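A.B. asks: What follows is a protein structure lacking sequence information:
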């Protein structure tokens with residue numbers, strides 16, 4: 001847990017720090033900066049998901065309602081408005097109670113009110129545009145950047161769009177041996193939205209004999225009966241620590257195109273097949289998952305499947321290829337943030 005009695009060091013007082021991230025890859029990007037925020041009196045604001053709840057076992061966490069502008073694009077404006085109103089009230093209460101000095105946010109929409117209210121209340125707002133955005137800024141970023149104290153981007157293309165933002169590209173290839181693996185496939189839809197198309201495609205391929213060995217399928221927020229297929233384990237959610245063990249052992253990962261799922265699988269040395277959600281099928285609020293999946297596929301890091309009928313071909317291609325290890329290294333960004341916080345902490349004295 002955060003040390004609420006953190007003391008002054010080198011003439012700098014610790015800051016009350018709000019770590020605001022909706023979930024999935026957004027939250028994992030905040031976790032990658034732990035070396036910085038653990039030095040302060042921190043708390044998380046995130047969505048009420050399995051990842052958010054498991055995070056609460058180790059850290060102080062405030063949970064907020066999920067909502068996204070894309071819900072209106074998918075034909076659910078009233079649902080979005082109701083979620084946004086509840087989220088606003090929760091965010092206002094959190095900021096009034098916690099009174100943060102600094103908000104760090106990687107998005108997305110569910111934490112925008114928290115960041116905005118904190119900034120209007122006098123906090124510094126550090127906006128980090130998500131690593132998942134290579135070519136175009138997110139809707140969150142377009143709203144957040146004008147009110148942020150400072151903005152960071154993680155791709156050169158976004159630096160051209162926002163020249164006053166600071167660029168820190170964290171992507172790194174790893175020149176390390178692949179760890180030992182089991183004959184295990186792990187399929188996951190992520191923490192937030194259901195993804196029946198991925199679930200059905202994976203089960204169909206398993207029935208057809210295209211996925212030998214053990215299969216663990218995390219199906220998320222959809223009802224799914226036991227498929228009765230030997231060697232298949234299904235679960236709605238997976239605690240964070242158990243997820244790390246699965247990635248350690250899995251030879252292959254089939255996952256939605258979320259940046260957090262892709263990077264953690266690549267870091268673990270898994271053969272990765274990205275199955276991005278599609279906006280035209282109503283599976284997500286935009287096509288950013290296709291953007292990141294294709295970018296990684298172009299680098300030879302994974303197989304990307306847009307059409308479920310091609311999943312078997314992607315599995316065969318992944319098995320024939322030598323797995324590549326990659327990660328994100330946020331050391332440079334962490335050092336820059338530490339420098340900023342030292343200045344802000346000194347002024348707080």
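C.D. replies: Sure thing, it's come through. Since we're looking at a predicted model, the values are computed, not measured.
A.B. asks: ok, and what's touching stretch 140-147?
C.D. replies: Contact with stretch 140-147 is made by 105, 107-109, 112, 115-116, 119, 125, 127, 129-130, 133, 137, 151, 162, 165, as judged by Cβ atoms under 8 Å, 6 or more residues apart in numbering. Glycine gets a C-beta too; all of them are placed from N, C-alpha and C.
A.B. asks: And the strands in the stretch 101-250 of the chain?
C.D. replies: 102-107, 124-128, 150-153, 166-167, 171-174, 182-188, 214-218, 232-235, 250-255 (DSSP state E, counting those that start in this stretch).
A.B. asks: any idea which of the ones you listed is most buried?
C.D. replies: Neighbour counts (mean count of other Cβ atoms under 10 Å) averaged over each of the strands of the stretch 101-250 of the chain peak at strand 102-107, with a mean of 27.
A.B. asks: Show residues contacting it.
C.D. replies: Outside strand 102-107, the residues that touch it by Cβ under 8 Å, 6+ apart are 15-22, 26-27, 29-30, 33, 37, 40, 111, 114-115, 118-119, 123-130, 138, 140-141, 144, 337, 341, 344.
A.B. asks: Distance from that strand to the middle of the chain?
C.D. replies: 13 Å (Cα atoms, centre = their mean, to the nearest Å).
A.B. asks: what do you get for stretch 161-171?
C.D. replies: Relative to its chain's centre, stretch 161-171 lies at 19 Å (Cα atoms, centre = their mean).
A.B. asks: still on that earlier bit, would you convert the strands of the stretch 101-250 of the chain into TSV that also reports distance to residue 268 and mean pLDDT?
C.D. replies: Output for the strands of the stretch 101-250 of the chain, formatted as TSV (distance: least, Cβ to Cβ, whole Å; pLDDT from 0 to 100):
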stretch	distance to residue 268	mean pLDDT
strand 102-107	21	96
strand 124-128	24	98
strand 150-153	26	98
strand 166-167	27	98
strand 171-174	10	94
strand 182-188	10	97
strand 214-218	14	97
strand 232-235	19	96
strand 250-255	7	98
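A.B. asks: Distance to residue 332 for those - can I get that in CSV?
C.D. replies: Converted to CSV, these look like this (distance: least, Cβ to Cβ, whole Å):
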stretch, distance to residue 332
strand 102-107, 16
strand 124-128, 13
strand 150-153, 10
strand 166-167, 10
strand 171-174, 11
strand 182-188, 30
strand 214-218, 33
strand 232-235, 37
strand 250-255, 27
